[in-house]
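Chemist: predicted model, plus sequence, below.
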Amino acid sequence: MTEQSKVTTVPGTDVSLLGAEHVRVYQETNGETGYLWNGVPTLLLTSKGRKSGEPRIIPIIYTPVGDKYVIIASKGGSPTHPKWYLNVEADPHVQVQVKADKFDAIARTAQSPEREQLWAECVKAWPNYDIYQSRTERQIPVVVIERSR
């Protein structure tokens, strides 16, 4: 069972395109298929596996805020952080694909008060984040991705 298939979804969420299949279709079509998922934009995040050193690619919902890309390490409200987040904590240098645009970037965890401001923006786009937070004791991290200069 993959990490993503363990996540409990919110009723009404279309999970017909997930994980490796979502990545494959997104890459093959430069996001023509897969960019919008359940009505919200997604990007492909490539991080380096903290144990293996191998590239790990995930599709993930993002919220554009200015020139930043904001993603949420929710894992559906699991009590543990998603593996991708642990990878980004270990090495914040990532690659991102938004539709056909591919670029190097740096990821960082937002701290208060920025975290709360960005959380509110993300919840406007994907209200399920509040549901996910209600399922766990951990504070779900808000991750800011900025293009490398």
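Modeler: Perfect, thanks for sending it.
Chemist: contacts, neighbours, all on C-alpha from now
Modeler: Noted.
Chemist: host element of the spatially most central residue of the chain?
Modeler: The centroid of the chain falls nearest to Ile60 when counting by Cα atoms, centre = their mean (3.5 Å). Here Ile60 sits within strand 55-61, counting by DSSP states H and E.
Chemist: hmm, the residue nearest to the centre of the chain is touching Thr46, no?
Modeler: No. Taking Cα atoms under 8 Å as the definition, Ile60 is not a contact partner of Thr46, at 10.6 Å.
Chemist: which one is Val123 nearest to, not counting chain neighbours?
Modeler: Closest residue in space to Val123, ignoring its immediate chain neighbours: Tyr129 at 5.9 Å, by Cα to Cα, 6 or more residues apart in numbering.
Chemist: now Pro79
Modeler: Of all residues not flanking Pro79 in the chain, Thr136 sits nearest, at 5.4 Å (Cα to Cα, 6+ apart).
Chemist: distance check, the one you found against Trp126.
Modeler: According to Cα to Cα, to the nearest Å, Thr136 stands 17 Å off from Trp126.
Chemist: same question, Asn87
Modeler: Applying Cα to Cα, the value for Asn87 to Trp126 is 24 Å.
Chemist: those two - which one has more neighbours?
Modeler: Between Asn87 and Trp126, counted using other Cα atoms under 10 Å, Asn87 has the larger neighbour count: 21 against 16.
Chemist: can you classify the residue nearest to that one when sequence neighbours are not counted by secondary structure?
Modeler: Distances taken as Cα to Cα, 6+ apart place Arg50 nearest to Asn87, at 5.1 Å, with adjacent residues excluded. Under DSSP: H, G, I helix; E, B strand; the rest coil, the three-state class of Arg50 is coil.
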